[in-house]
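Undergrad: Need coordinates for the following:
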Amino acid sequence: MKKVQFTAILAVLVTAISMPLFAQDASDFKFDKGEITRYTGTSKDVVIPGQINGIPVTTIGYGAFQDNQLTSVTIPNSVTSINTNAFWNNQLTSVTIPNSVTSISQMAFSGNQLTSVTIPNSVTSISQMAFSGNQLTSVTLPNNVSIAHDAFYNNKSISELGGYYSSVGKKAGTYSVVGKGWLLPLSEDEAKRTAVEDDFDIEQLANGTLRITSYSGTAKNLVVPTTISGVRVTSIGKEAFKNKGLYSVVIPDGITEILDGAFSNNTLTSISIGKGLKIIPTDAFYRNQHLTTLVIPDGITEIGYRAFRGCALSGITWGKGLVKIDVEAFSSNNFTELTFPNSVTFIGQGAFFDNPLTAIVLPASLAQYDAGYSRDPPRGFRKAFGWNPLMNQIDLKSKNVTRITVPANMAEANLSGLPDNFVNFWKSQNNAAGTYVLKGRIWARE
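TA: Got it, this is the predicted structure:
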């Protein structure tokens, strides 16, 4: 008899332990005609019932779950609409939206910690700020959803997913943050496409070689041809490939000239530059927000005005022979550390402004020149870091610099644009060469 009682008690305990600690029931919700108007429970992990008092739950009402510090939520297949502020300001790290929902209203999931979300095929509209203020780096979308321009505002990308989604034809797929922007990977068919000679408009130069002046092809992974109709290609014209949606480009050996803006405003994630080119000109790769790494080949002597402004570069390999980095050449990128080759003699104003720099190693080749702008050969360096040449003011990001290596004989003028407290300490050390480190608010020599 005692054994039977013990077994029965054990079974009850096991059942109790396996049940959710805070299982929701009808009393946890204010409910009216199919709409949950307010969650009144205490659990941070919520399972919304499909029915309450025998009536299907079809709508999550205005602010129904806002400000509850929810960590998870399960939405039933009966729900068709998620209204304004429904789950605003919680701690959700993931959410599954069922394939019954047709609309997601303003700020419905705003202010959470979502890193990815899948929008089901049933959804036809996503309203303003619906997923703003999260940590989204991946969003899976169906075809032809109406998305407000700021539906995914203030996530891990500085660009708006809604606008990019429309620009690629509202195509289904998983959109990911690459660099500073959203990007939809090429389909297998798109990735395999190659350019043909008829895709390029050309002009013949005085030396008999060809310049490509424009491109009308559909290949997004582009290899610039070395010849067209058997004639050598040596030049790429002004804005020839601007706004073409390119994902990658290979510039082959033998291209000796690229003109201004040639590859600006694309979605380039990789660039390969062959032998023969000496100058990367003004705006050449301006505003390629998905470009995170770059190899500058040997032989490049000059990087022009705004050549890589507005990209997402955080890593760079410098080639041999680089002499000049012009005004704003790498402004508005993602560099945190910079070590320059010992051939650079000129760094222009604002060349690296609006970068989250923490460490800089200045080359000895720069130290022998002052901040003047002698152009032949190019020499000097002034306000290259943490300085906005357009607004003529210090960029606050320069305050993040905590490690600076200075060569011997550096002119004081060459350090303008770096934190004043560093320059003052360096002067107190008799302008000594070495590495200086910020410890708290105090600079010290390493």
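Undergrad: neighbours around S365, how many?
TA: Burial of S365 is recorded as 18 neighbouring residues (other Cβ atoms under 10 Å). Every residue, glycine included, has its C-beta placed from N, CA and C.
Undergrad: i'd like the first residue to be 56 from this point on
TA: With the count now opening at 56, the last piece we talked about shows up as S420.
Undergrad: Reduced to three states, what does it come out as?
TA: helix (DSSP: H, G, I helix; E, B strand; the rest coil).
Undergrad: Could you find the closest non-adjacent residue to it?
TA: Closest residue in space to S420, ignoring its immediate chain neighbours: N397 at 4.9 Å, by Cβ to Cβ, 6 or more residues apart in numbering.
Undergrad: got it, and N298?
TA: N320 (4.9 Å).
Undergrad: In this structure that neighbour contacts E294, no?
TA: No: using Cβ atoms under 8 Å, N320 is not in contact with E294, being 9.0 Å away.
Undergrad: Compare the two and say which one has the larger neighbour count.
TA: Between N320 and E294, N320 has the larger neighbour count (other Cβ under 10 Å), namely 20 against 17.
Undergrad: Help me confirm that the residue nearest to S420 comes into contact with A422.
TA: No: counting by Cβ under 8 Å, N397 stays clear of A422, with 10.1 Å between them.
Undergrad: Settle it for me: which of the two has more neighbours?
TA: A422 (18 against 12).
Undergrad: By mean pLDDT, point me to the weakest helix or strand of this protein.
TA: Least confident element among the helices and strands of the chain, by mean pLDDT, DSSP states H and E: helix 57-73 (a mean of 44).
Undergrad: Who are the contact partners of E294?
TA: Counting by Cβ atoms under 8 Å, 6 or more residues apart in numbering, E294 makes contact with 314-317, 319.
Undergrad: switch the cut-off to 7 Å
TA: 316-317, 319 (Cβ atoms under 7 Å, 6 or more residues apart in numbering).
Undergrad: Kindly reformat those as JSON lines containing neighbour count and secondary structure.
TA: As requested, the contacts of E294 are arranged in JSON lines below (neighbours: other Cβ atoms under 10 Å; DSSP: H, G, I helix; E, B strand; the rest coil):
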{"residue": "G316", "neighbour count": "23", "secondary structure": "coil"}
{"residue": "A317", "neighbour count": "26", "secondary structure": "coil"}
{"residue": "S319", "neighbour count": "22", "secondary structure": "coil"}
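Undergrad: what about stretch 221-240, start to end distance?
TA: Taking Cα to Cα, to the nearest Å, the first and last residues of stretch 221-240 lie 15 Å apart.
Undergrad: no, scratch that, I was asking about stretch 237-256
TA: One end of stretch 237-256 to the other measures 30 Å (Cα to Cα).
Undergrad: re earlier: now flag whichever of the contacts of E294 is closest to N298.
TA: Of all these, N298 sits closest to S319, with 7.8 Å by Cβ to Cβ.
Undergrad: The closest one and T337 touch, don't they?
TA: No: contact criterion Cβ atoms under 7 Å: S319 and T337 do not qualify, at 9.6 Å.
Undergrad: show me what contacts the residue nearest the centre of the chain?
TA: When Cα atoms, centre = their mean is applied to the chain, the residue found nearest the centroid is K235 (1.6 Å). By Cβ under 7 Å, 6+ apart, the residues touching K235 are 212-214, 344, 367.
Undergrad: so what are the domain limits for this structure?
TA: Domain assignment for the chain, taken from automatic domain parsing, gives 75-240, 248-500.
Undergrad: Confidence-wise, which of those domains is weakest overall?
TA: When mean pLDDT is averaged over each of the domains of the chain, domain 248-500 scores lowest at a mean of 90.
Undergrad: what's the first-to-last distance across it?
TA: Taking Cα to Cα, domain 248-500 runs 55 Å from one end to the other.
Undergrad: Same question for stretch 250-266.
TA: 16 Å.
Undergrad: how far out from the middle of the chain is it?
TA: Distance of stretch 250-266 from the chain centroid (Cα atoms, centre = their mean, to the nearest Å) equals 35 Å.
Undergrad: what's in contact with that stretch?
TA: Applying Cβ under 7 Å, 6+ apart, the set of residues contacting stretch 250-266 is 267-272, 274, 277, 280, 283-284, 286-290, 292.
Undergrad: Now the buried members of those residues.
TA: Buried subset of the contacts of stretch 250-266 (neighbour count, 16 or more other Cβ atoms under 10 Å): 267-268, 270, 274, 277, 280, 288-290, 292.
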